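# only geometry, no sequence info:
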């Protein structure tokens, strides 16, 4: 098993055991009741099946987690919830250990962080070269089945406020890199701890674009705080963002063009252990229409309903599924 080597695997397994003990085996929520069937349940039956669905802890993952939970329940499945696991490593370890049966992962994250490739596959939206490579390798090496990919591309990016005066021509990451090299005081940058150490995050970006943010101009931040920090401009003028985040419109932020194509394509897809999928191949029929409907715009809007409007992720998921006719009203 290649996903979590040696000591890290033991550490993550211990964390999973602790989380399970503290939560009684699942993170419960008010969405535990029955769900009426909609279009997803037509010609599909998961009656009598039991699944545990997990996710990472950020907004989009929570929405995707509850979309999956409600979709499975609409087809008659019993579902245990383990949304809000604290990291990629722990969520993946939970899948491999059997603590969860499925969660939504991103193609770029899997290729770089889980399968340990140094370079992304050069791709374009909706070509799915990166998805196909990830799906084939993860199945062959780790017995993890990737279901249909979403059209959305929740990519990392370097963001700035549209109205920020950072000098002329700051439109690409090459422009930003030049600013870091020539005027670092104008290029203060907020990043979360995971982005600061990921090879598909800041270290790789600095290598490809030939710059290093000085420590005094690098502001470690909680991921959810970065958007407001860029908006205010006191701690940082630039920062790590993701392209489907609902706060981009709220704070009038823009993503700098990745003109050297550093960041991989990050299509979200539901991933399932192969043995679980083989027992329940109808999972693919449920996942496919959901993936087809989740565009960049849809995910950004759903994320905004949580992060901007303050709605509960499970309610946002339920309202979206109902509006699409995927589950009954």
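Here it is on my side, so go on. Note that the structure is a prediction, hence the values are computed from the model and not measured.
# would you list every one of the strands in the chain?
Listed in chain order, the strands of the chain (DSSP state E) span 50-54, 78-82, 102-106, 144-149, 156-161, 189-191, 218-220, 238-242, 253-255, 268-273.
# avg pLDDT for stretch 311-328?
The average pLDDT within stretch 311-328 is 97.
# So for it, what gets flagged as buried?
313-314, 316-318, 320-322, 326-327 (16 or more other CB atoms under 10 Å). (Glycine included, C-beta is placed from N, CA and C.)
# among the residues you listed, which are in helices?
Mapping the buried residues of stretch 311-328 onto helices (DSSP state H) picks out 313-314, 316-318, 320-322.
# pLDDT value on the nearest residue to residue 239 once chain neighbours are set aside, please?
What sits nearest to residue 239 in space, not counting adjacent residues and going by CB to CB, 6 or more residues apart in numbering, is residue 190, at 3.6 Å. pLDDT for residue 190: 97.
# same deal with the one 10 residues further on?
According to the per-residue confidence, residue 200 scores 87 in pLDDT.
# need the contact list for it.
108-109, 112-113, 120, 156, 263-264 (CB atoms under 8 Å, 6 or more residues apart in numbering).
# let's see 10 Å
When contacts are counted by CB atoms under 10 Å, 6 or more residues apart in numbering, residue 200 touches 108-109, 111-113, 117-120, 155-156, 262-264, 266.
# any idea how far it is from residue 68?
Residue 200 sits 24 Å away from residue 68, taking CB to CB, to the nearest Å as the criterion.
# and if you look at residue 224?
From residue 224 to residue 68 the distance is 22 Å (CB to CB).
# What sits closest to residue 206 if chain neighbours are left out?
residue 212 (5.4 Å).
# Now that neighbour. Its backbone dihedrals?
The phi/psi pair for residue 212 (degrees, to the nearest 10) reads phi -140, psi 120.
# Which pLDDT value goes with it?
97.
# That one and residue 187, how far apart?
11 Å.
# related to what we said a few turns ago, looking at residue 224 and residue 68, which one has more neighbours?
Comparing residue 224 with residue 68 by other CB atoms under 10 Å, the one with more neighbours is residue 68, at 26 against 14.
# I figured the more buried one hits residue 103, correct?
Yes - counting by CB atoms under 10 Å, residue 68 touches residue 103, with 8.0 Å between them.
# Find residues that contact each of the two.
By the contact definition CB under 10 Å, 6+ apart, residue 68 and residue 103 are jointly contacted by 53-55, 83, 270.
# What subset of these is buried?
Burial by neighbour count, 16+ other CB under 10 Å: within the shared contacts of residue 68 and residue 103 this picks out 53-55, 83, 270.
# residue ranges with poor pLDDT in the stretch 151-300 of the chain?
Applying pLDDT under 70 to the stretch 151-300 of the chain flags residues 164-168.
# Please repeat the previous calculation with a cut-off of 90.
151, 162-169, 194, 198-200, 223-224, 261 (pLDDT under 90).
# Next: the stretch 1-150 of the chain.
Using pLDDT under 90, the flagged stretches of the stretch 1-150 of the chain are 1-37, 45, 118-127.
# quick one: the helices in it?
Counting by DSSP state H, counting those that start in this stretch, the stretch 1-150 of the chain has helices at residues 6-23, 59-74, 88-97, 107-109, 129-142.
# again with the stretch 201-329 of the chain
202-209, 226-232, 247-250, 274-279, 283-293, 296-307, 313-323.
# Counting by contacts, list what the fifth one packs against.
Okay, so that is helix 283-293. helix 59-74, strand 102-106, strand 144-149, strand 268-273, helix 274-279, helix 313-323 (3 or more CB pairs under 10 Å, 6 or more residues apart in numbering; DSSP states H and E).
# Name all residues that make contact with the residue lying closest to residue 147 once chain neighbours are set aside.
Here the nearest residue to residue 147 in space, its sequence neighbours aside, is residue 287; by CB to CB, 6+ apart that works out to 4.0 Å. Going by CB under 10 Å, 6+ apart, residue 287 touches 40, 67-68, 71-72, 102, 104, 146-150, 269-272.
# State the distance from residue 287 to residue 127.
Counting by CB to CB - residue 287 and residue 127 are separated by 20 Å.
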